[in-house]
Structures are given as structure tokens and as C-alpha cells.
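A.B. asks: Kindly return the folded structure for what I paste below:
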Amino acid sequence: MNRIGTVAVWAVVTLCVITLITLPINMQTQLIASITIVALMAIIKILKGEGIWRLIALALGTAIVLRYVYWRSTSTLPPVSQLENFIPGFLLYLAEMYSVGMLALSLFVVSMPLSPRTGRTGELKFFPKVDVFVPSYNEDEALLANTLAAAKAMDYPADKLQVWLLDDGSTEQKRNSHKVLEAQAALARHDTLRQLCEDLGVRYLTRARNEHAKAGNLNNGLAHSDGELVAVFDADHAPARDFLRETVGYFDDDPKLFLVQTPHFFLNPDPLERNLQTFEKMPSENEMFYGVIQRGLDKWNAAFFCGSAAVLSRRALKETDGFSGVSITEDCETAIALHSLGWNSVYVDKPLIAGLQPATFASFIGQRSRWAQGMIQILRFRFPLFKRGLSIPQRLCYMSSTLFWFFPFPRTMFLIAPLFYLFFDLQIFTASGGEFLGYTLAYMLVNMMMQNYLYGTFRWPWISELYEYVQSVHLLPAVVSVMLNPRKPTFKVTAKDETVLVSRLSEISRPFFVIFGVLLVALLVSIYRFYAEPFKADVTLVVGGWNLLNLIIAGCALGVVSERGEKSASRRVRVSRRCDFVTDGRSFPATIENVSANGARVQVYGIDRQNVGFDMDAVIRFVPYGGDEPEELPVLVRNVEGHGDLTAIGCRFTPCVARHHSLVADLIFANSNQWSDFQLARRGNPGILFGTLWFLRVALYQTSRGLVYLLRSAKPGAGVVKAGAANSGVASEATR
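C.D. replies: I've put the predicted structure just below:
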């Protein structure tokens, strides 16, 4: 009876909603209703309404969205008899309906996400054997040394922890290659990494051939190990000391648990953050996914494996014969397979690893192309909506995650739609200026308010539009390619050793300047038509405003593809840690102020600055976490600055033995709280108004900067240098 009652209630509610959104009303009433709902949503937001009030605000917004969908579907499509108008008009309509559908899925996933789980470091009483896999392909030795050292230093019983380097860059196939240079490089890498692993107390493992990419490499690790649990870290993802203590205990709580996933925190900005200089001011792009979406997925038991920073159950993996390898995104594919078999997942919203992002815009696009193609492969081969074994919420969650990557199509349509009218006078959206104001503008504003409700402190206004635009230009061909040939894409490793040493335009920047030029011409055309055709002024004003919005985003993108030259690929990590600075046999009290993978900045008390010179050998002596006695890390002095009784000395690490890599890892990665503090420091919600004003200011400046770079682009000498000396991919800023 309860189920029948519930169905009856939902049927009545649905009927009421349909009646409201289809109710015929005049334009004045529509405007009043839109303004009223926007005002109510704003009041709830200002009063910081949560819980039921949050749902009420989202429900009010949904009513406006559904009203717009009804009006858009019944009143604005061009006649089918006018194919030149109908075809582009219908494509625009489909793009809008896609956006509405994704909004609906987002509301389902994150309208009420789970609160972050409390820390469990002090509770762990369950110590199963854990194999730590660090898959590698072409990464630098120093990068691997820091990651392996950090993994080895995790706070966990030593007899229960085994770290593995899974080296796919030195396979037998590569070492026996007919190409002598390739063979010699693989042999040298094999010997070097095997010795590094021996020094660090880590197991080294390679295989015969590079089959099934990363999934095959991980499965080879499974075949040679026997731990109850498997932790996976990418080669550039180093864990904090408390990683296992924060994650392993969940497997004791639930015997059907296959995954504990943690967020990916990055020490360096992505190309957008670096070129727009927002890394320390605004939440990173990935924080929306890890800070909100994964918690929403976790509510429906649909948090999925993200390829790294996770612990998995070997018992569960045996049911799928290891990691899935049909798509090039083996992580999400494996999660779907295990969820469909009745296994559960948990998401722990605390950064417990620190990694690297692509340094160049081209590498960033390459990484996103792989993600997009892999998720579309999953949609094609595993189609979550009809995947047997998944619950209905899980199906919707996975559909949301996979369908998202079709965004290049609607984003491209939104970009070119105004041009159909401005250049060719096509009527692809039949509405007056007043109707646009009452329906479309209200829909856009409510959509932004709902996004602000869902992601406010994690994603600022217009940033999603910018990220989607800069990706769409190059992702559109990649998405079309995988749709036409789902088995064509192959796994490509994201570059981790790039550094932009000289300011220059990205090698894939040309389309952005072409698009900006076209949109600028369209703006001039709209101004001309506004005055030359006063009888169409209202429509021209609306379409011209739409094009102007596209132009602002396209202008901001010019700054994104204008690569800033930097000496460092990473921001320094603030640590504030006591030490002794030792040089020429004398010891001085000091504090380590900040560190990077290559160096540190130390505040030294009482040292004679005249006796400290460039490239002088010195030692930093400190007590590592979990240790009792101080240890020494050799450094070279790179610069000296006086500040009263304190002398700030920039040092470069000069590790000589494996233990030195462990000490570097201890300084940078051991304390996970520093990463949480950094994220919290840049989280804030500027609101739609101030966020929009901020974005306009940024866009104006970045447009001018991009045009300046274009004028200078004819000059030689600008380029990307594969900086092997960047070691872990994080070049030291402490040497400045």
C-alpha cells in the first residue's frame, strides 16, 4: 500500500507540474512569473538556505527551465518546409535539449551530495597486506624516485606494505627492438630503474610486451603480487603518510567494498590557471568534480575509480579478471563492471596525494581527448543505462559521467548559431525580443543560479563555459572520430616532463584566433544591421548580444593559448618546518619556509651572509615524520637574501643516495593537511554578479594579451623545452 501511495503522490505532482508548464499565459504574466522566481531564488541564496530550502530553490528554477523547454519546443522551431532554416534551427534545439538533459542529471546527482566523511587515521585496527602499484611508461627517474619514496614512507606496518614499480617503458619488446636507439634507451632505463628500486626497497617489474596499455600493466602487477588490497598511484602522484590509514579501514566495514577513491590534488596549475594566473585565487577545475560530483555519486553508490589515488580489493578484481581494457579509460570501465556485479564504492573527500597536471595547452588537450574518447567508448561498449546489475541511480550517474563528454557538439552549436542570422539572415529561432527576454533570458539566468547553488564555491561564473570552449575546438574532431570508429583510439601517456621556458603561443592556438576574428566581424555586422534594419532591431540586438558573449569567451581563450614562460612547473609548498642549516662545519637554527621537488627556501638565523656564496655546498638537517633522529639532506645554495636577523637562502636539492629522495618526499608529501588548507584558502563564492564582473575584467585583459602574443609570434625563440632537468616535473621555484 505504501508503494501505491507513493506512486499516486508522484502521479499527482507530475500532473500538476505538466499543467503549470503548459498553462497558456500572456507575455506580461510570463515576465512577472520569471522575475518572481528569480527573486525568490536570490533571497534563499542570500539567506544561505540549506536542506529543504536548497531543494525548494532548485525546484523553482526547474519550473522555469521546464517552462522554457515547453515554449522552445512548441513555438520557436522554424517550419520543416524551410529546410535552410529548419536544419540549423533543429540542431540548435537539440544542443539546448542536451544542456537541459545534463542539467537534469546533475540535479539528480548533486542536489543533495553526501557530506565529507570524517577522518579515520586514528581508528585503523585492520591491517591487510597492501600492494602499491606505480605504473610507469616514460617518466623521469627523479619523478619516480619521489613517488616511490613517498609510497614507501606511508604510515603502515612495513611487513604489510609492498611497493611495486610497474615499468612499461623497459619491456622485453623495447629492449630487443630492431631500432638500436630505442633498444639502448630501454636497456639504460631498465638498469637505472631496477637499481633505484633496489636502493629504495621497492619491487621492480616489467613485462614482455606493452599489451592493453595501463590496464595490462596493472594486471601484470596483479599476477605477480598477492596483497589483499591494491593501491594505485600514477607515476606523478605521490601519497601522504596517512593515505592508507585514511582509506584501508573502510574495507573492514564492508566486505562487498571494491574501491576507496580519494581526490586528485595538483601541485602545479593547469595551462588555463597558469596563463590566466588564477591558481592561487580560484578553485581548480578538478575541484568541482572531486569536491561535489564525486560526493554526489557516492550518495548513490556510484563513485568510480579515477585511475590513481585509490585502493581496490583484489578479491573484487578477480571477478572481472583484473582491470578492464576494452576502452582507453580503464578506471571508469572497471568501476562499471564491479558495480554491476554488486560491489560497492566509497569516496573519501580529502586530498591524500599530490600530483602534476599537463604543463602545456597541447598536452592538456591531449589528456582531455583521451578522457573524452574513453568515456564515449564506455558509452558505446558498456552502455550504462541498460547495464545489467546496476541500480537505476547508478545507471543515471554513469550516463551523466559519459554523456558529459558530448559537450563539444552543443558548445560548437552555441558558438556558430548567431552567425546563421548575422551572415546569412537565416531564421533559426523564431521569437521576438520580448519573448527572448521573458523566456530565454530568464532560463539562462535561472540556469546560472542553479549552477551556483550546486557548485558555487567550487566553480565560479563563466569558468565552465571557458573550459568547455577551449576544449571543444580540438575535442570535436576527437569525439567524431571515436563515434565513427569506437575501437580506433589508443592509450597515450600524458606528458609529465614539459616546462614552458619562453612565453609564446601554443602550437595549437591558430583556430582560436580565426574564431575570434570571425566573431569580431560578426559583431561589426550586428552593429550595422541594427542601424540599417530598424524593423529587425529587437532580434538583431538579441542575436548580437549572444555573439558578443561568445566573443568575450573567445577573447579570454586567446589568453589561455598564450603560454606564459615560467622557470617553474609548480608552486612551492609552504611547510614551516624547523631544521638546522649546516655549512662549512657550522650549524645554524633555521626554518624551512617552502619546498618544491627540486629545492627549498630556508630562513636561517645568525649566519654571516658574506660567507654564503652561489653554488656553495650545504646541508639541511631535520627530523622526518615518523622518525626520532635528525637526518641530513645535501643542497646547493642558489641565492641569498637578507631580512634583518634572518637570511633567506634558496637551495637546490642534490640527492646522492636513495634515502635523500625519501627525505625530499617527506618534506613535500608527508603532510596532507597542507593540501586541504591550500584548497580551502582559495574557495569562495563571488556570486553571479561579482563573478561576472570579475570574468569580464579577466577576459578583457586576456584578449589584449593574446593579441600582443600574436603580434610577437613571428619572432623566433619561443617554444616548449622538454625539461628533463625538471626532475619530478616540478621545477624548483625556491632557487629564485
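A.B. asks: For the longest helix seen in the chain, list every residue counted as buried.
C.D. replies: Ranked by residue count under DSSP state H, the longest helix found in the chain is helix 83-110. For helix 83-110, the neighbour count (16 or more other C-beta atoms under 10 Å) marks 85-86, 88-89, 91-93, 95-96, 98-100, 102-103, 105-107, 109-110 as buried. In this view, the C-beta of every residue, glycine as well, is placed from N, C-alpha and C.
A.B. asks: Next secondary structure after that helix?
C.D. replies: The C-terminal neighbour of helix 83-110 among helices and strands, as given by DSSP states H and E, is strand 130-136.
A.B. asks: Can I get that following strand as PDB, trimmed to CA atoms?
C.D. replies: Extracted C-alpha coordinates of strand 130-136, given in PDB (Å, rounded to 0.1, in the frame of the first residue of the first chain):
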ATOM      1  CA  VAL A 130      48.600  -3.900   0.600                       C
ATOM      2  CA  ASP A 131      50.400  -3.900  -2.800                       C
ATOM      3  CA  VAL A 132      51.100  -0.400  -4.000                       C
ATOM      4  CA  PHE A 133      51.300  -0.200  -7.800                       C
ATOM      5  CA  VAL A 134      53.100   2.700  -9.500                       C
ATOM      6  CA  PRO A 135      52.600   2.200 -13.300                       C
ATOM      7  CA  SER A 136      55.200   3.900 -15.400                       C
END
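A.B. asks: residues in contact with the next helix or strand after it?
C.D. replies: In the C-terminal direction, the helix or strand that comes right after strand 130-136 (DSSP H and E) is helix 141-152. Defining contact as C-beta atoms under 8 Å, 6 or more residues apart in numbering, one finds that helix 141-152 is touched by 132, 134, 136, 161, 163, 165, 192-193, 196-197, 200-202, 231, 233, 235-240, 496-497, 597, 655, 658, 661-662, 664-666, 668-670, 727-729.
A.B. asks: In helices, which of the residues you listed fall?
C.D. replies: Among the contacts of helix 141-152, the ones falling in helices (DSSP H) are 192-193, 196-197, 200, 658, 661-662, 664-666, 668-669.
A.B. asks: For the longest helix of the chain, what is the distance to the chain centroid?
C.D. replies: In terms of C-alpha atoms, centre = their mean, to the nearest Å, the centre of helix 83-110 is found 24 Å from the chain centre.
A.B. asks: and that helix, average pLDDT?
C.D. replies: Summarised as a single mean, pLDDT over helix 83-110 is 95.
A.B. asks: Now list the buried members of the contacts of helix 141-152.
C.D. replies: Taking 16+ other C-beta under 10 Å as the criterion, what is buried in the contacts of helix 141-152 is 132, 134, 136, 161, 163, 165, 193, 196-197, 200, 202, 231, 233, 235-240, 496-497, 597, 655, 658, 661-662, 664-666, 668-670, 727-729.
A.B. asks: how about the nearest residue to the residue nearest the centre of the chain, chain neighbours excluded?
C.D. replies: Within the chain, the residue whose C-alpha comes closest to the C-alpha centroid is Asn286; the distance, by C-alpha atoms, centre = their mean, is 3.0 Å. Closest residue in space to Asn286, ignoring its immediate chain neighbours: His264 at 6.1 Å, by C-beta to C-beta, 6 or more residues apart in numbering.
A.B. asks: Would you check that the one you found makes contact with Leu352?
C.D. replies: No. Checked against C-beta atoms under 8 Å, the pair His264 and Leu352 is beyond contact range at 9.9 Å.
A.B. asks: looking at this, Ser73 is in a helix?
C.D. replies: Yes. Looking at Ser73 with DSSP: H, G, I helix; E, B strand; the rest coil, it is inside a helix.
A.B. asks: so what's the closest residue to it other than its chain neighbours up against?
C.D. replies: Across the structure, with C-beta to C-beta, 6+ apart as the measure, the residue nearest Ser73 apart from its sequence neighbours is Tyr93 (7.6 Å). Tyr93 sits next to 72-73, 76-77 when contact means C-beta under 8 Å, 6+ apart.
A.B. asks: Please tell me how far Tyr93 sits from Met444.
C.D. replies: Distance from Tyr93 to Met444, counting by C-beta to C-beta, to the nearest Å: 16 Å.
A.B. asks: Over to Ala158?
C.D. replies: As defined by C-beta to C-beta, Ala158 lies at a distance of 58 Å from Met444.
A.B. asks: Same question for Tyr531.
C.D. replies: Looking at Tyr531 against Met444, where the rule is C-beta to C-beta, the gap reads 26 Å.
A.B. asks: what domains does the record give for this protein?
C.D. replies: 25-111+406-494+510-560, 127-269+301-357, 573-680 (automatic domain parsing).
A.B. asks: Ok, which of the ones you listed comes nearest Met375?
C.D. replies: The minimum distance between Met375 and these falls on domain 127-269+301-357, with 5.9 Å, by C-beta to C-beta.
A.B. asks: Over to the closest one now: how far is its first residue from its last?
C.D. replies: Using C-alpha to C-alpha, to the nearest Å, the end-to-end distance of domain 127-269+301-357 comes out at 32 Å.
A.B. asks: ok, back up a step: would you check how far apart the residue nearest to Asn286 and Tyr398 are?
C.D. replies: From His264 over to Tyr398 the distance is 20 Å, taken as C-beta to C-beta.
A.B. asks: In terms of neighbours, single out the busier of those two.
C.D. replies: Neighbour count, other C-beta atoms under 10 Å: between His264 and Tyr398, Tyr398 has more, with 28 against 23.
A.B. asks: Now do the same contact list for the more buried one.
C.D. replies: Each residue near Tyr398 by C-beta under 8 Å, 6+ apart is listed here: 302, 304, 332, 336, 378, 384, 387, 390.
A.B. asks: Now name the helix or strand holding it.
C.D. replies: When secondary structure is defined using DSSP H and E, the element that contains Tyr398 is helix 392-403.
A.B. asks: Now do that helix against helix 83-110, angle only.
C.D. replies: Regarding helix 392-403 and helix 83-110, their directions subtend 130 degrees when assessed with axes from the mean of the first three to the mean of the last three C-alpha atoms, to 10 degrees.
A.B. asks: pLDDT on helix 392-403, on average?
C.D. replies: For helix 392-403, mean pLDDT rounds to 96.
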